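S.K.: what's the 3D shape of this:
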Amino acid sequence: MISKFQNSLFVTFFLLFSVCSLTAQESDANSKFTIAFGSCNRVDLPNPFWEDIASKDPDVFIWGGDVIYADTDNMKKMEAMYSKQKNNDTYKSFAAQTEILGTWDDHDYGINDGGAEYSKKQSSQKLFLDFLNVPEDSEIRNKEGVYMAKDYQLGDKLIKIIVLDTRYFRTELTDDRKSGKRYVPNANGEGTVLGAEQWQWLTEQLNQQSDYCIVMSSIQFLSAEHGFETWGNFPGEVTRFENLLKSGNASNVILLSGDRHISEFSKKEISGLEYPLIDFTSSGLTHSYTSYKGEPNKYRIGEVISDRSYGLLTLDLKNNLVNFKIMGINDQILSELNQEY
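M.R.: Numbers count the residues shown, from 1 in each chain. Below you'll find the predicted structure:
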């Protein structure tokens, strides 16, 4: 027979155990940060992923570009396409419960493979920021381009998300179809991806202390051999970015990209950088490169995924581990990568 004293001890132990268990669970939950991202989304095709992404309860979703396929200087047409996407039932429900950041790429910018020369870029910028619900009084509205940054504090850890604009300031590409590729690297390091003002801003951001820094770039950074759009078409810009990583105070920088209608992981060891640079490409959300037969990428880890997909990152701040997943239809994990930092 259990005495009142024994029963009291049992209850006290049970309550203490429960509190400790809850505290441990809360601690684990507070040490993880989840980012979902995706690109290449047509409003005239089924949007299959929003409920799946919502089920992962991401802390933030990042658009990687090509939110719509407008390719136009008709701003009424562009606005109508944004409105259609914004009012898609599953996306609307997702956006109501999830923080959304993002950048554009060429097709929502307004011109295929377009850059600084696009005549409607200021009007297009307004429509893009309207789509993201950026407040009218935000400083983002008062500058050229759609680049932005946001910090997230989890306990004593700081996560910085940087969203770049690889369109508004980007100078001319070198078109050389005779080489068998659409574009080749510019000679003598000529041209710019980001432009002087954005480079200055990026330098300031990467000089700030952070434990993890996620950089969304729309176009690929590491994969540079395929002959389409890539940072590799501007070798001087690649060198500049890598040098900035080595001299800045941001730790564990991770690149995200889209554009290509394929998904893949790329990884490069850079002399002078204490961690490997990973470029996680996720594309596309509604359509993909189904006829893909292969292309070179000396930094590729694993296989190219040519099915529709979105990207998922889980930052485990307690164990200094990042899990990368390429997620397909029906919640299928198409490819996965783990990296210790």
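
S.K.: now residue 46. Nearest residue, chain neighbours left out?
M.R.: For residue 46, ignoring the flanking residues on the chain, the nearest one in space by C-beta to C-beta, 6 or more residues apart in numbering is residue 286 at 6.8 Å. C-betas here are computed from N, CA, C, even on glycine.

S.K.: which residues touch that neighbour?
M.R.: Applying C-beta atoms under 8 Å, 6 or more residues apart in numbering to residue 286 gives the contacts 40, 41, 42, 45, 46, 47, 48, 308.

S.K.: that one sits in which helix or strand?
M.R.: Assessed by DSSP states H and E, residue 286 sits outside every helix and strand.

S.K.: circling back: for the contacts of residue 286, which one is nearest residue 272?
M.R.: Nearest to residue 272, judged by C-beta to C-beta, of the contacts of residue 286 is residue 40 at 34.0 Å.

S.K.: what sits against the closest one?
M.R.: Residues in contact with residue 40 (C-beta under 8 Å, 6+ apart) are 65, 66, 105, 258, 259, 261, 283, 284, 285, 286, 287, 288.

S.K.: got it, and residue 50?
M.R.: 88, 90, 91, 93, 94.

S.K.: one more time with 6 Å, if that's ok
M.R.: 90, 91, 94 (C-beta atoms under 6 Å, 6 or more residues apart in numbering).

S.K.: the first one belongs to a helix?
M.R.: Think residue 90. Yes. Membership of residue 90 in a helix is supported by DSSP: H, G, I helix; E, B strand; the rest coil.

S.K.: find the nearest non-adjacent residue to it, please.
M.R.: residue 50 (4.0 Å).

S.K.: please report phi then psi for the one you found.
M.R.: phi -60, psi -40 (degrees, to the nearest 10).

S.K.: from residue 58, how far out is it?
M.R.: 11 Å (C-beta to C-beta, to the nearest Å).

S.K.: and what of residue 274?
M.R.: For residue 274, the distance to residue 58 - C-beta to C-beta - is 28 Å.

S.K.: still on that earlier bit, per-residue confidence at the residue nearest to residue 90?
M.R.: In this model, residue 50 is scored at 98, pLDDT.

S.K.: just to revisit the earlier point, nearest to residue 82, of the contacts of residue 50?
M.R.: Among these, and counting by C-beta to C-beta, the member closest to residue 82 is residue 91, at 11.3 Å.

S.K.: buried residues in stretch 42-62, which are they?
M.R.: Across stretch 42-62, burial judged by 16 or more other C-beta atoms under 10 Å covers 42-43, 47, 49-50, 52-54, 56, 58-62.

S.K.: and what of stretch 324-335?
M.R.: Across stretch 324-335, burial judged by 16+ other C-beta under 10 Å covers 324, 325, 326, 327, 328, 334, 335.

S.K.: can you give me how far that stretch is from the chain middle?
M.R.: Centroid displacement of stretch 324-335 relative to its chain, using C-alpha atoms, centre = their mean, to the nearest Å, is 16 Å.

S.K.: what about residue 157? Give its phi and psi, please.
M.R.: The phi/psi pair for residue 157 (degrees, to the nearest 10) reads phi -110, psi 140.

S.K.: meant to ask about residue 308, not that
M.R.: The phi/psi pair for residue 308 (degrees, to the nearest 10) is phi -60, psi 140.

S.K.: distance of residue 99 from residue 206?
M.R.: Residue 99 is 22 Å from residue 206, by C-beta to C-beta.

S.K.: from the chain's centre, how far out does stretch 310-325 sit?
M.R.: The chain centre lies 13 Å from the centre of stretch 310-325; the measure is C-alpha atoms, centre = their mean.

S.K.: now that stretch: mean pLDDT?
M.R.: pLDDT averaged over stretch 310-325 gives 98.

S.K.: alpha carbons of that stretch, as PDB, please.
M.R.: Output of stretch 310-325 as PDB, limited to C-alpha atoms (Å, rounded to 0.1, in the frame of the first residue of the first chain):
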ATOM      1  CA  TYR A 310      11.300  22.600 -53.500                       C
ATOM      2  CA  GLY A 311      14.200  23.100 -51.100                       C
ATOM      3  CA  LEU A 312      14.200  22.600 -47.400                       C
ATOM      4  CA  LEU A 313      17.000  23.400 -44.900                       C
ATOM      5  CA  THR A 314      17.000  22.600 -41.200                       C
ATOM      6  CA  LEU A 315      19.700  24.400 -39.200                       C
ATOM      7  CA  ASP A 316      20.500  22.500 -36.100                       C
ATOM      8  CA  LEU A 317      22.200  25.200 -34.000                       C
ATOM      9  CA  LYS A 318      22.800  22.900 -31.000                       C
ATOM     10  CA  ASN A 319      24.800  20.400 -33.000                       C
ATOM     11  CA  ASN A 320      26.200  22.700 -35.700                       C
ATOM     12  CA  LEU A 321      24.600  20.600 -38.400                       C
ATOM     13  CA  VAL A 322      22.600  21.700 -41.500                       C
ATOM     14  CA  ASN A 323      20.300  19.200 -43.300                       C
ATOM     15  CA  PHE A 324      19.500  20.000 -46.900                       C
ATOM     16  CA  LYS A 325      16.600  18.200 -48.700                       C
END
